[in-house]
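S.K.: Next come a sequence and a model predicted from it.
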Amino acid sequence: MKLFYIGIIRNDTKPAHELVAEKEMSSYSRFTRSSVGEFLTLFAKTVGERTNPGQRQDVEEQDYTFHAYGRSEGVCGIIISDHAYPALVAHQLLSKVVDEFLSSHPRSQWASGTPTLTFPELKDYIIKYQDPHQADSILKIQRELDETKIVLHKTIESVLQRGEKIDDLVAKSDGLSAQSKMFYQQAKKQNSCCIVM
């Protein structure tokens, strides 16, 4: 899973304009980084131009997925990732990035002309969100639930392997009525007669 690009595109005018962006190009050779970076910017602006306010979309092109989030303020957040990167995490990050950008850079700063803006948080985000499991609370919870489920399966399996000890526990238990002990013994006898050969 890999993030290549996070950027804010001004899309209320044609052609679209890249306001701020951060690229992660370490997987490309030094000789191709600038060309790949230019193509990523070009495609980000193209997708940004074609994303309506309030619209979220994912566009796949060759090895890349373009995640886009258009806002009514005239900007569009774009993330470019590989296909394995979870769309839920990308869109969560887009919401966060666009909200933070608009709160620190009101429309009055970028609406007239093509200003030079800085947004250093993008560098931190492109590094932090390379591993979506560390950054996304939903994926983190799902992973914890999956681990818990595995532990539960192991616990049940270990109880089933100690069948004799469970019988002793039932026989010695004061908390079970005679009727419950009888029910347990009958159920055990019925289940043991159905052995498939």
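M.R.: Looks like it came in fine. Numbering: from 1, shown residues only.

S.K.: and Ser95, what helix or strand is that in?
M.R.: If you go by DSSP states H and E, Ser95 is part of helix 87-104.

S.K.: Please work out the average pLDDT along that helix.
M.R.: Confidence for helix 87-104, expressed as mean pLDDT, is 87.

S.K.: Buried residues, whichever helix or strand comes after that helix. List them.
M.R.: Toward the C-terminal end, the helix or strand that comes next after helix 87-104 (DSSP H and E) is helix 107-110. By neighbour count with 16 or more other Cβ atoms under 10 Å, helix 107-110 contains the buried residues Trp110. C-beta: built from backbone N, CA, C; applies to glycine.

S.K.: Kindly calculate the angle that the very next helix or strand once past helix 107-110 makes with helix 87-104.
M.R.: Toward the C-terminal end, the helix or strand that comes next after helix 107-110 (DSSP H and E) is helix 121-128. Compare the direction of helix 121-128 with that of helix 87-104 by axes from the mean of the first three to the mean of the last three Cα atoms, to 10 degrees and you get 160 degrees.

S.K.: Now do helix 121-128: which elements does it pack against?
M.R.: The criterion is 3 or more Cβ pairs under 8 Å, 6 or more residues apart in numbering; DSSP states H and E, and the helices and strands that helix 121-128 contacts are strand 3-10, strand 17-23, helix 87-104.

S.K.: what pairs with the shortest one, and is each one parallel or antiparallel?
M.R.: I take that to be strand 17-23. Within its sheet, and counting by DSSP bridges, strand 17-23 is paired with strand 3-10 (antiparallel).

S.K.: got the CA coordinates for the partner strand in CSV?
M.R.: Taking only C-alpha atoms (Å, rounded to 0.1, in the frame of the first residue of the first chain), the coordinates of strand 3-10 have been written out as CSV:
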residue,chain,number,x,y,z
LEU,A,3,0.5,7.0,-1.2
PHE,A,4,2.2,9.0,-4.0
TYR,A,5,0.4,12.4,-3.9
ILE,A,6,-1.7,14.5,-1.6
GLY,A,7,-2.8,17.9,-2.9
ILE,A,8,-5.4,20.7,-3.0
ILE,A,9,-6.5,21.7,-6.4
ARG,A,10,-8.4,24.9,-7.1
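
S.K.: Looking at it now, give me its mean pLDDT.
M.R.: In this model, strand 3-10 carries a mean pLDDT of 90.
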